[in-house]
Structures are given as structure tokens and as C-alpha cells.
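Trainee: I need the structure of the sequence given here:
(one chain, ligands or ions: 1)
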Amino acid sequence: MTGRGPAAPRPAGAVRRREGGDPARAVVIGGGIAGTTAALALADAGVRTTLLEARPRLGGLAFSLERDGLPADNGQHVFMRCCTAYRRLLRRLDAERLTRLQPRLDVPVLDASRPGAPRTGRLRRVAAPAPLHLAPALAGYPHLSPVERAGAVRAALAMRRLDPGDPALDRQTFADWLRRQGQSPRAVAALWDLVGVATLNAPAERASLALAVKVFRTGLLGRADAADIGIATAPLGAIHHDAAGQALRRAGVEVLLRTPARGIRPADPAGAGAAGAAEALAAPALPGGGPGDPSRHLVLLDDRALEADVVVLAVPPERAAALLPPGALVEPERLRAFRPAPIVNLHVRYDRPVLDLPMFAALGTRVQWVFNRTRLAAAGGRGTAAGADDGGQYLAVSQSAATEDVDLPLRELRERYLPELARLLPRARAARVTDFFVTRERAATFAPDLGVARLRPPARTRVPGLLLAGAWTATGWPATMEGAARSGEAAAGAALDALDRRGGQWRPSIDRKVAA
Ligand SMILES: Cc1cc2nc3c(=O)[nH]c(=O)nc-3n(C[C@H](O)[C@H](O)[C@H](O)COP(=O)(O)OP(=O)(O)OC[C@H]3O[C@@H](n4cnc5c(N)ncnc54)[C@H](O)[C@@H]3O)c2cc1C
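Mentor: From the prediction side, this is the model:
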């Protein structure tokens, strides 16, 4: 993270002003988690902020849909206690109450490779400092042999000595490193990939060691409570559209939905720049030269242009590449080099309860993680809204790194997965499936490929006051809600720094005397 931390909500009426007395203005482009975080931080610091979102809803990649009255998410999302920026955002949205955070990490792991009932292990922590907090779980983990368990402990201790920021780690795969640590294919499947595929969206064979070290060191080898799992008990849309929209509007942010930005250009110093998008698009490149004032920006819309002192561009990388003015990045083509990685969710409704656990991870089957949406919604006081109204149960099966599945027809996915769920859940064998549908996100995350760290730009561009945000920017985290929230905080901090640095144009402190 760069720049300052998030600002505390401003006192009512505090406005950040330019030298001439006009309020400082920001435009944030993109209403996903990164853009929402940035817009709130800017508004909280007294900057008049407009948030542009191309779609009719906020939330970006974290959203909900409705199917025959059943609220469903585009994909199951989880976070961890160590996701401090994301949890800050939840609090800022007054939406923590729409989530549940485990008091202590506890993940049941069902192994379906043997005939009969699956064997259950548990990855749960005890009240001890890291890394001892996981020692009893590992010692009793039935999916590894005693030799494999001892080997896993040795590898974990070796990983604690690696620095995720070391560029050399981004040039080797996680799998190569695990092999060098003597990890068996079984240990990779039953332990490292179990966590790694879900968090990195790639198996160890295709994941950069740098990102893997980031995940394991932060989540499992740092603070003992870091990996306690948090899950929304409400639909994602209730948090990232409804609560976000309310918080933004309460903070005074102007939220414009269905409003795509078409370009960013320097503002005309004579003030005529807002006249038309076509003329502005034809303006010469930044920085320097040409008629534009590089200290202010024009954000071009379909029918007009908005003038701003700072702009935060919080859209996916290929969109950012198209919107950035020439010269804003040294190597803008890098933004087009991110490879997308898919996640597929299978939504299954049974006519009766088939699972008591709130969630589990699976081995010995193609099923990865299963979430009991009915039980999770009941934990949040919304039992009837999640498939329990007819006495049934609604499960979401989350499949990361789903390259094989993402283009399969619904019927084939049904044939592929329902027998596997029946293998894992004995009660599902006698149950009737009342609905089965699929959500496919082809670009759920960027692929954590070797060398991906080199593609990820920091918040600051070469144009003063034009900042980048998004889970794909240089946060050090894989593409996650935490990465997105961190990037939003970083971009807002850098935008405020840019305002402060404009020699004499800005009053460095919030002017509390003038009403918004
Ligand atoms: C199925 C699935 C499961 C996932 N699971 C997890 C998980 O368990 N845990 C986790 O932490 N993360 C998970 N993620 C990743 C997480 O959702 C993303 O990393 C995060 O939401 C990205 O947020 P963002 O703001 O960076 O980008 P985005 O969400 O992509 O937001 C960008 C926004 O910009 C808008 N936009 C684009 N172009 C323009 C334009 N020209 N003008 C205006 N607006 C524009 C888009 O419409 C979009 O709303 C998952 C993602 C998916 C899809």
C-alpha cells in the first residue's frame, strides 16, 4: 500500500477546497470494490466525488442475481480475518452484520476417494500462537500419512523464511518449490492445493511462488487468527450494491450508474474542455505539451465530460488500457498481458436437507468447495430466503481454476457433478434435485502466472492526479476483495497526496467552516 491510510469519515460539512475556493473534485471510474473503497475514502476526506459505473449496479465482480425468487451470488466469496482493508470496508458500509467470521478457523475436509461414506478431516486451529495453532490439526489430519504430515510442517517452516516481495519467487512455480521441499503429490492435493486453488485460482503447477507465499504466510503462518474464515450470510448484492450505494450517498458521493467513461484527457485551461467529448478525445497526449492543463482532467462520457482534479481509474486492466491517456504508463501494453482465470459455481437445490455443515472442502473428487447457503443464510437470520422455504436446501459448489468446466453445457455439468455430490453426501443419494443452474465467470481473477508481478502497476501513473485501482494493481495480494479494497485505499491516499502537492493550489487541510 502506498500513501496514507484511510481517512476517518469527515465531520458533517467539511469540504476540501482549491485555492480559489472551489471544492476539490474527484471522479472515480468503476463501482466495484476498489472504486467503492476509493470513492468513500475521497469523500471522507472532503473531496466532492462522483462515481461512474458502466453497469446498472455496483459491486463489479461480486454481485447477486435472482432465480425464481432465490437470491444467488455470481460466485461464492469468502474472506479471512487478515483481510483488514476489506473488513474496514464492510464496517464503513455498516455491512459487517451481513457476514459471519468464524471465531476460529475450522474447515471440514471430506475425502471421497474411498468407497462408502467419505472420510472427514478438519483443518482447525487451537488457541496457541502461530505456527503451533495448526499443529494439532496437522498431527491428526487423516488425509496425509505421518511422514507427509512431518514433511508439510518442514515445508511450512521453510516458507516462513521466504519473502513474497522477492522478484526471484515470481520466476518459479509453487509446484517446483513444493517438490524441492519433498512434498508428495498427495500432500500437494490434500493440503497445499486445497487452500491454494481456492485463493490463487490456479493449481500449484501454474501458480507463481511469490503469490503462493503471500497467501500462506499471511493466512496460515503469520498471526494465529489470520485465516479465520468470513462469509456473507446475505446475498453479495446486499453488501456491494445496496449497502455500498447507501454509504456512498450518505457520504455525499454522486453515484452515476449505467454511465461508462469513454476516455480521460487533460482539461482545457480556458474552461472550455467540458464542451465536448469528441474534441477532448482529439487532444494531445499527456503529460506536457498541447493545450490541456495537466493538473486537471476531463473524464469523457457519452454525452458530456466531467472535470476533475483527481481521477481514480478502478476498472479491469484491459479497460484501463483503453481509457488511459497516452503516456500515462511507461509500458501500457502490460495491462493487456494479464491472463484471465475462470471460476464456475454450480447452484444445486435439493428437496430436503442433505448437509449439516455450513461448508466443506473435498478431496478425491472433482468437487472443490461446497457451501450450505441455506444454513449460512439462517445464521444471518435469513433462512427462508435461501432455499429453505419449501423444506429443501440450497448448496453452492465453487470451482476455481475452472478452465475445463467453464464452457461445458449445463447438462454435462449436471451429469459431471450431481453423482460426485451424491458420493460426498449420502443423504443426497435419495434426495431430488429441484433446480440446478450455473454461473460462469470467465475473468473472475487474473491468472497468478509466473512473472505476473511485473505486470501490476502501482496506484500512481505518470500523470499527476490520475491513479489506478483494482485487484490487479500492485497490492502484493492475489486477485481478491482484500486486494481490491487495499488498492482503493492506496489510490485514494495517492490522490489526496497529489492534491496536497499542487503547490499553492490546494489547502492541505480540510476546511471545516464551509458547508458541503
Ligand atoms: C466467481 C468469483 C468468485 C470469487 N471469489 C472470491 C473470494 O472467495 N474471495 C475474494 O477475496 N475474492 C474473490 N473473487 C475476486 C473478487 O471478486 C475480485 O477480486 C474483486 O471483486 C475485484 O474488484 P475490483 O473493484 O478490483 O474490480 P471489478 O469488480 O472488476 O470492478 C470494476 C468495475 O468497473 C466497471 N467498469 C468497467 N469499465 C468501465 C467504464 N468504462 N466506466 C465505468 N465503469 C466501468 C465494471 O462494470 C465493474 O463494476 C471472486 C470473483 C469471482 C468472479
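Trainee: only C-alpha atoms from now on, for both contacts and neighbour counts.
Mentor: Noted.
Trainee: so what's the spatially most central residue of the chain closest to, chain neighbours aside?
Mentor: Most central in the chain under C-alpha atoms, centre = their mean is Met481, positioned 2.3 Å from the mean C-alpha point. In space, and not counting its chain neighbours, Met481 is closest to Tyr86: 6.3 Å by C-alpha to C-alpha, 6 or more residues apart in numbering.
Trainee: that neighbour: which element?
Mentor: Per DSSP states H and E, Tyr86 falls inside helix 84-92.
Trainee: does the ligand sit close to that helix?
Mentor: No - using C-alpha under 6 Å from any ligand atom, helix 84-92 stays clear of the ligand, coming no nearer than 8.5 Å.
Trainee: if we can go back for a sec, relative to Ser487, how far out is the residue nearest to the centre of the chain?
Mentor: To Ser487, Met481 is 10 Å away according to C-alpha to C-alpha, to the nearest Å.
Trainee: now do the shared contacts for the two.
Mentor: Common neighbours of Met481 and Ser487, using C-alpha atoms under 8 Å, 6 or more residues apart in numbering, are Ala471.
Trainee: just to revisit the earlier point, the residue nearest to the centre of the chain reaches Thr475, doesn't it?
Mentor: No - applying C-alpha atoms under 8 Å as the test, Met481 and Thr475 come out as separate, 11.3 Å apart.
Trainee: next up, the contacts around the residue nearest to Met481.
Mentor: By C-alpha under 8 Å, 6+ apart, the contact set of Tyr86 is Met481, Glu482, Ala484, Ala485, Arg486.
Trainee: report the beta-bridge partner residues of the closest residue to Ala361 other than its chain neighbours.
Mentor: Leaving aside its sequence neighbours, Ala361 sits nearest to Trp369 (C-alpha to C-alpha, 6+ apart; 4.4 Å). Per DSSP bridges, the residues bridged to Trp369 are Ala361, Ser398.
Trainee: check the burial of Trp369 by counting its neighbours.
Mentor: Number of residues near Trp369 (other C-alpha atoms under 10 Å) recorded here: 21.
Trainee: need the contact list for it.
Mentor: By C-alpha under 8 Å, 6+ apart, the contact set of Trp369 is Met359, Phe360, Ala361, Ala362, Val397, Ser398, Gln399.
Trainee: what do you get if the cut-off is 10 Å, keeping everything else the same?
Mentor: Contacts of Trp369 were listed using C-alpha atoms under 10 Å, 6 or more residues apart in numbering, and they are 76, 109-110, 194, 198, 345, 359-363, 396-400.
Trainee: spatially nearest residue to Arg186, not counting backbone neighbours?
Mentor: Leu144 (7.3 Å).
Trainee: and the gap between the one you found and the ligand?
Mentor: Remark: distance between Leu144 and the ligand (C-alpha to the nearest ligand atom, to the nearest Å) = 26 Å.
Trainee: surely that residue is in contact with Ala137?
Mentor: No - with contacts defined as C-alpha atoms under 10 Å, Leu144 does not count as touching Ala137, sitting 11.4 Å away.
Trainee: quick check on the two: which one has the bigger neighbour count.
Mentor: Set side by side, Leu144 and Ala137 give different neighbour counts by other C-alpha under 10 Å, the larger being at Leu144 (20 against 17).
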